[in-house]
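[1] sequence and predicted model, in that order:
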Number of protein chains: 2
Amino acid sequence: MRPLTPADLNPAVANVQYAVRGELAIKAEDYRGKLESKDHGLPFNRVINSNIGNPQQKGLDQPPITFSRQVAALMEYPPLIDIVKDKWPSDVIARAQELQAEIGSIGAYSHSKGVPLIRRSVAKFISDRDGFPCDPEDIFLTAGASAGVSLLLNVLITPPKTGILIPIPQYPLYTATLAQYNGVALPYHLSEPDGWSTSLDEIKAALAKADNDGITARALVIINPGNPTGSLLDVPTMEAVVRLCEEHSLVLLADEVYQTNLHSPSTHPFHSFKQVVRRLDSPIPLFSFHSTSKGVTGECGRRGGYFECTNISDEVRALLYKMVSVGLCPPLSGQVGVDCMVRPPKAGEPSYDLYKKETDTIHAALAQRTKLMAERLNALPGVSCVNSPGALYLYPKLELPDKAVEEAKRLGKSPDTLYALELLDETGICVVPGSGFGQKVGEHHYRLTCLCPGVEEYVGALEKFHNKFVQKYGGL
Amino acid sequence: MRPLTPADLNPAVANVQYAVRGELAIKAEDYRGKLESKDHGLPFNRVINSNIGNPQQKGLDQPPITFSRQVAALMEYPPLIDIVKDKWPSDVIARAQELQAEIGSIGAYSHSKGVPLIRRSVAKFISDRDGFPCDPEDIFLTAGASAGVSLLLNVLITPPKTGILIPIPQYPLYTATLAQYNGVALPYHLSEPDGWSTSLDEIKAALAKADNDGITARALVIINPGNPTGSLLDVPTMEAVVRLCEEHSLVLLADEVYQTNLHSPSTHPFHSFKQVVRRLDSPIPLFSFHSTSKGVTGECGRRGGYFECTNISDEVRALLYKMVSVGLCPPLSGQVGVDCMVRPPKAGEPSYDLYKKETDTIHAALAQRTKLMAERLNALPGVSCVNSPGALYLYPKLELPDKAVEEAKRLGKSPDTLYALELLDETGICVVPGSGFGQKVGEHHYRLTCLCPGVEEYVGALEKFHNKFVQKYGGL
């Protein structure tokens, strides 16, 4: 019997990289373990997981929306209605009863595309948002947005000669999934000087390169609001993207999971690609993703999400249905979460005032922290940070001392990984180096979330560390 | 702009077949829709989804375990503890508090392998079951067993020249997933005359064929208790399987999701492959799967499950960790379900009596229905059915009239598909034809679940239909 070694595995496995839960995150976990013993000898007392947009994690404790959780509790244990019917708002009871009548037990498999009633709720949410109709049959509920992205990347590529255009920097789910399925990532750079906007010229350059390399570009990924950049696309750019997709017969994959994380919605509103495509009366095939994990919902652990198909034929949709059937169905707890996200309490309903207060607080805190953090980071020597109008992140650029770059080289690490490792070692703050998302050669960034407990403690520690690091390696 | 057509998709998509939710299931859904109108004109008044092991679906209504659901409700809405602390059993409250202290909010992502406390619960369950130690680091919680199976099939193959040995008949997740990932299924036949036992000779024949075809067999799938067969392996057979894996350097994938669905446990007990491997002190790499979806739990919609790694190196385990990280984490609702499944109330605890009553009822009903259904099916002309000691299914063999076989050929369908379609058309009972699981050439089977509302109505309708079908096509 030979033992099973990494060399026996699918060679694609070796190419999968997912820095958000990579070396830094694993080290942070080790530190968290060490902190449990009194004489841990570490220079900090807690680990702050700023590597992942996980609003409800311990230590951050963004509270869940009461309405959604009361409905969820009633779905888990329907006889509870008798106990709480005079204690909880009547709209909570009514929603739970409506969902129970449709679903029966949430311990049963649902339709593979998700509960029909919830798909109708999603379709209504989308048509209200965009002002264009949405067919519930075009909605596939998924286990978070990730499951939908993974499925569609797998379905859209014909290995090894089909490529998908991926923004750089990107959320590494895209390159990781393409690596797993032997697809080709065709990187195009976002434009940092324009607030990380999408540059048509960069996409065209990537298309020309693909053509030259004998790769067929099948689809274009846009993340809007941006991850890791926090950018927000304006309508003219979106229209130009749609026209480009028409010209090059590209499927558009619109990752819009941060659509409600807007820090100044009056000046920087969100527009969906679905709306732009419909307004232009464009025939481009579009898949749009949304999730319960982000926004004010922040319910990552629930694994709720959906994708919408636009301009997708019945035939292709039937094949997607076949593919999702193999996985049986998305988690019912996530599906119920989607329903509450797209059908929150309305003004005048008993749960509305509390819902409004809870979500206003979350929006305000995030906007305020993002602004403050960007200001303070920009004031540091060698740091420049695009102020972000959306999502949960900042992606500051770092100028690093030559000696730090040399030291990183000696250790076989990228300079921003060295920076992030030392940051973790000294402060307990875990961020993800820019190399995990992609950046231009010779540039250094890191992504940090704007979710944090005390912003002062957090930013103060970042500042102190940065100045010390620059000094340690001989200054800028 | 060219529209997106099936020809543009990954060619692997066309090869994916998943009959459990295929043609029959889609037609059953259509009928369910039609039944909502008064003048539906159908010869039945309800659809019975006997195509899928989904105990809590509407119309079957296997009740969930009260203990698990009360804990789940408290996890969804922790302030509920104040309302129910004097109404619900103290062990429910204590379990919820313990899990809350560990997890925090179930709206947060957990560790990608699952909550550490729950992995320790699973490890204790396994070591108590087998009498051999289990390391929580070897446990990966998953979204149902399917997600783990899908990951491991993807990781273990090197397309296109690696194969996985798959029992025939099989649960079609295996062939569907291999098709999706361009792996090769190496079928080996189970032995119907021996109660669908695993035949070493058949596996050896499949290995010889693979060798001849230039395919490297990497792993062997065993489903025990069997799906769709309901068979149960004895220890000598299991030992021989382990020795065969040693000899041929095969990874063993043990799908043991029906391990607690035992109809006569005193004469037909379940033995885990983990226990056999440890007792033989065998070095074979083993992955064992379990799920909250089956057993007395029956919580399919929760998407809870796990796999255990046995004789897997730290290096390979680290690669698996990397792969699961890309999907972030399994649903927390499923993880909590796993904890309650592997740590149910114990004798003497406040929830125990109800738990015992609930689970005894489920076991007894399933055993009784299975026995009755097998007896009645066996009494029908041309039907022979192995009496099943485990799982949720029967897989009767059908002798069909020549004219039925001819008619099926004319329609371009397999004869058992014709049989299943007519059964659905006349009775509303949806089963899956044997061609969806695999069978020997010229044989016909179907799988039906032993979950049903009134067994008399159900079996009565099956009998009536069968006799009519045989007569319609000129008799046997």
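    Great, that's in hand.

[2] would you report the backbone torsion angles of A:Thr162?
    Torsion angles at A:Thr162 (phi, psi; degrees, to the nearest 10) stand at phi -110, psi 140.

[3] on the three-state scheme, the residue nearest to it when sequence neighbours are not counted is what?
    Spatially, and ignoring its direct neighbours in sequence, A:Thr162 is nearest to A:Arg218 (4.8 Å; CB to CB, 6 or more residues apart in numbering or on different chains). Glycine gets a C-beta too; all of them are placed from N, C-alpha and C. Per DSSP: H, G, I helix; E, B strand; the rest coil, the local secondary structure of A:Arg218 is strand.

[4] around A:Arg218, how many other residues sit close by?
    Residues near A:Arg218, counting by other CB atoms under 10 Å in any protein chain shown, number 27.

[5] OK, contacts around A:Gly475?
    Going by CB atoms under 8 Å, 6 or more residues apart in numbering or on different chains, A:Gly475 touches A:Pro401.

[6] against A:His445, how distant is it?
    As defined by CB to CB, to the nearest Å, A:Gly475 lies at a distance of 20 Å from A:His445.

[7] on that earlier part again, could you report the pLDDT at the residue nearest to A:Thr162?
    Here the pLDDT value assigned to A:Arg218 is 95.

[8] go on, A:Asn387?
    The per-residue pLDDT reported for A:Asn387 equals 83.

[9] neighbours of the closest residue to it other than its chain neighbours, how many?
    Leaving aside its chain neighbours, A:Asn387 sits nearest to A:Ala374 (4.4 Å; criterion: CB to CB, 6+ apart). For A:Ala374, the number of neighbouring residues by other CB under 10 Å comes to 19.

[10] again with A:Ser90
    Neighbour count of A:Ser90, defined by other CB under 10 Å: 12.

[11] what sits against the residue nearest to it when sequence neighbours are not counted?
    Counting by CB to CB, 6+ apart, A:Ser90 lies nearest to A:Pro350, which is 5.5 Å off, once chain neighbours are set aside. Contacts here follow CB under 8 Å, 6+ apart; on that basis A:Pro350 touches A:Pro89, A:Ser90, A:Asp91, A:Val92.

[12] 10 Å instead?
    Contact analysis of A:Pro350 by CB atoms under 10 Å, 6 or more residues apart in numbering or on different chains lists A:Phe67, A:Trp88, A:Pro89, A:Ser90, A:Asp91, A:Val92, A:Ile93, A:Ala94.

[13] likewise A:Ala25?
    Contact analysis of A:Ala25 by CB under 10 Å, 6+ apart lists A:Tyr18, A:Ala19, A:Asn49, A:Asn51, A:Ile52, A:Leu424, A:Cys430, A:Val432, B:His111, B:Ser112, B:Ser325.

[14] surely the second one and A:Gln170 touch.
    Put plainly, it is A:Ala19. No. Taking contacts as CB atoms under 10 Å, A:Ala19 lies outside contact range of A:Gln170: 11.0 Å.

[15] so what sits against both of the two?
    When CB under 10 Å, 6+ apart defines a contact, the residues bordering A:Ala19 and A:Gln170 alike are A:Gly436, A:Phe437.

[16] report the secondary structure state of A:Lys403.
    Counting by three-state DSSP, the backbone at A:Lys403 sits in helix.

[17] for A:Pro285, grab the count of nearby residues.
    Neighbours of A:Pro285 using other CB under 10 Å come to 26.
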